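>>> Quick one: sequence and predicted model below, then my questions.
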Amino acid sequence: MGKPTIADLARVAGVSVTTVSHAFSGRRHVEPETRKRIEALAREIGYRPNHRAQRLRTGRAGSIALVSSMPFAVAAGPSRLGFLMEIAAAAAVTAFSRGISLCLVPPLGPRDSLDALEVDGAIVVEPERDDPVLDFFSDRGVEVVSIGRAPGRDAPPFVDLQSGATAHLLLDHLFSEGGRVGLITGQQRRNSYIEMEAAYAALTARTGSPPLAIRVDEQGGEQAAAAAAESLFRADPALSALCVPVDAFATGVLEAARAAGRRVPQDLRLATRYDGMRAKLATPALTAVDLHLDQVAAAAVDLLIARLEQAEPAPHVISPPALVLRASSAASPEAFKSKD
């Protein structure tokens, strides 16, 4: 007896061949119980879907890309690359379960090209305004979704990173102790920076505290952030807290504080956004935010596949961001220990 075919499985399951195909491809909705029954029967009779044949029939590459326009200066090492890799790990699992492979595009240098990339669609992580990565895919007619809203009128469909809520978590925490709170964001116009700056402007206006904010070119990385922190220290010696959303920038600020003789958190309370390796391994460890990137990544893959198939995306509920308190923002080391 030869290998069981899709028609054999459909007959045993009492459904159409189309339903079996959709159950394995995930490209159309199939009731969860029906899908489970088909998968169980497939194992029982030894049927394995031929994804290569499916790709030949559809003319698709069977892969999607995950890419970010963040430069190496903030994406190298355990910084933004950690952010990208955390998303990639969860996205790859979701894509694989749908019979699709994930191509992770490393942080792009100024001379890098995507011309050799053959994919059915792309997920762009936190695009900036007029992002050339978005333009590249748009010009080639490749379906794109983004993680985080792309600033501008022609933004692609996106999965919300809840940047406004994240901004308020960090800023409310730092402002709660009083004193002078400063802000260091990126010069590039990404939605997370824009919403952070808007929340900061609203809080300083409400509290009557003069704003002390500066933008740093991402290309400058840690050194540029350290220089920015030094300028803020000079501008206001009473500065008591800094919100630095980019974790690579936060590491630069830590170095600048040490050079200036400012102890963290006794003299300067510090918080960043991404709860990655930089935040966890810094000395002191950095207060950060759990962005639930596993949920975000899964939602982005499902959104992209739905767009490719012109179908309704699977419903996803993404948990609200959660503040992860660490020693860098404690009012005092003793106060932090008492909460530990």
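Okay, I see it. Residues are numbered from 1 along each chain as shown.

>>> count of neighbours near residue 277?
17 (other Cβ atoms under 10 Å). (Each C-beta comes from the backbone N, C-alpha and C, glycine too.)

>>> Any figure for the gap between it and residue 285?
11 Å (Cβ to Cβ, to the nearest Å).

>>> One more: residue 320?
22 Å.

>>> where does the stretch 101-250 of the chain dip in pLDDT?
Where the stretch 101-250 of the chain drops to pLDDT under 70, the residues are 108-113.

>>> list the buried ones in stretch 243-261?
Neighbour-count burial for stretch 243-261 flags 243-254, 256-257 (criterion: 16 or more other Cβ atoms under 10 Å).

>>> List every C-alpha atom in that stretch, with coordinates, as CSV.
Coordinates of the C-alpha atoms in stretch 243-261 are reproduced here as CSV (Å, rounded to 0.1, in the frame of the first residue of the first chain):
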residue,chain,number,x,y,z
CYS,A,243,14.0,57.7,31.4
VAL,A,244,16.1,56.2,28.6
PRO,A,245,13.9,53.9,26.5
VAL,A,246,16.6,52.3,24.3
ASP,A,247,18.6,49.9,26.5
ALA,A,248,21.9,50.5,24.6
PHE,A,249,21.4,54.2,25.4
ALA,A,250,20.7,53.3,29.1
THR,A,251,24.1,51.5,29.2
GLY,A,252,25.8,54.6,27.9
VAL,A,253,24.0,56.7,30.6
LEU,A,254,25.3,54.3,33.3
GLU,A,255,28.9,54.9,32.1
ALA,A,256,28.4,58.6,32.0
ALA,A,257,26.9,58.6,35.6
ARG,A,258,29.9,56.7,36.9
ALA,A,259,32.3,59.1,35.2
ALA,A,260,30.5,62.0,36.7
GLY,A,261,30.5,60.5,40.2
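
>>> before we move on, back to that, so which of the buried residues of stretch 243-261 are in strands?
The strands, defined by DSSP state E, take in residue 243 from those.

>>> okay, the buried residues of stretch 243-261 in TSV with distance to residue 40 next?
What follows is these, written out as TSV (distance: Cβ to Cβ, whole Å):
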residue	distance to residue 40
243	51
244	51
245	46
246	47
247	44
248	47
249	50
250	49
251	50
252	54
253	54
254	53
256	59
257	58
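
>>> where do the helices sit along this protein?
6-13, 17-25, 32-45, 51-58, 72-75, 80-97, 132-139, 163-175, 191-207, 221-235, 247-259, 277-281, 293-309, 333-339 (DSSP state H).

>>> Dump these to a markdown table, plus distance to residue 327.
Formatted as a markdown table, the helices of the chain follow (distance: least, Cβ to Cβ, whole Å):
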| stretch | distance to residue 327 |
| --- | --- |
| helix 6-13 | 57 |
| helix 17-25 | 48 |
| helix 32-45 | 45 |
| helix 51-58 | 49 |
| helix 72-75 | 24 |
| helix 80-97 | 20 |
| helix 132-139 | 37 |
| helix 163-175 | 13 |
| helix 191-207 | 22 |
| helix 221-235 | 19 |
| helix 247-259 | 12 |
| helix 277-281 | 11 |
| helix 293-309 | 23 |
| helix 333-339 | 5 |
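
>>> With respect to residue 149, which of those helices lies nearest?
Nearest to residue 149, of all those, is helix 191-207, at 4.5 Å by Cβ to Cβ.

>>> still on that earlier bit, please identify which of residue 320 and residue 285 sits among more neighbours.
The neighbour count for residue 320 versus residue 285, taken as other Cβ under 10 Å, is higher for residue 285 (16 against 11).

>>> Look up the pLDDT of the nearest residue to that one once chain neighbours are set aside for me, please.
Residue nearest to residue 285 in three dimensions, not counting chain neighbours: residue 326, with 4.1 Å by Cβ to Cβ, 6 or more residues apart in numbering. Listed pLDDT for residue 326 reads 96.

>>> Surely residue 326 is in contact with residue 290?
No - counting by Cβ atoms under 8 Å, residue 326 sits too far from residue 290 to count as a contact (12.0 Å).

>>> Burial check on residue 322, number of neighbours?
Applying other Cβ under 10 Å, I find that residue 322 has 13 neighbouring residues.

>>> my bad, should have said residue 46
11.

>>> Skip the chain neighbours and tell me the closest residue to it.
residue 4 is the one closest to residue 46 (Cβ to Cβ, 6+ apart), at 5.9 Å.

>>> so the one you found touches residue 47, yeah?
Yes - counting by Cβ under 8 Å, residue 4 does reach residue 47; the two are 4.4 Å apart.

>>> Kindly state the beta-bridge partners for residue 122.
residue 65, residue 144 (DSSP bridges).

>>> mind checking pLDDT for the residue nearest to residue 276 when sequence neighbours are not counted?
Distances taken as Cβ to Cβ, 6+ apart place residue 82 nearest to residue 276, at 4.0 Å, with adjacent residues excluded. What the model reports for residue 82 is a pLDDT of 79.
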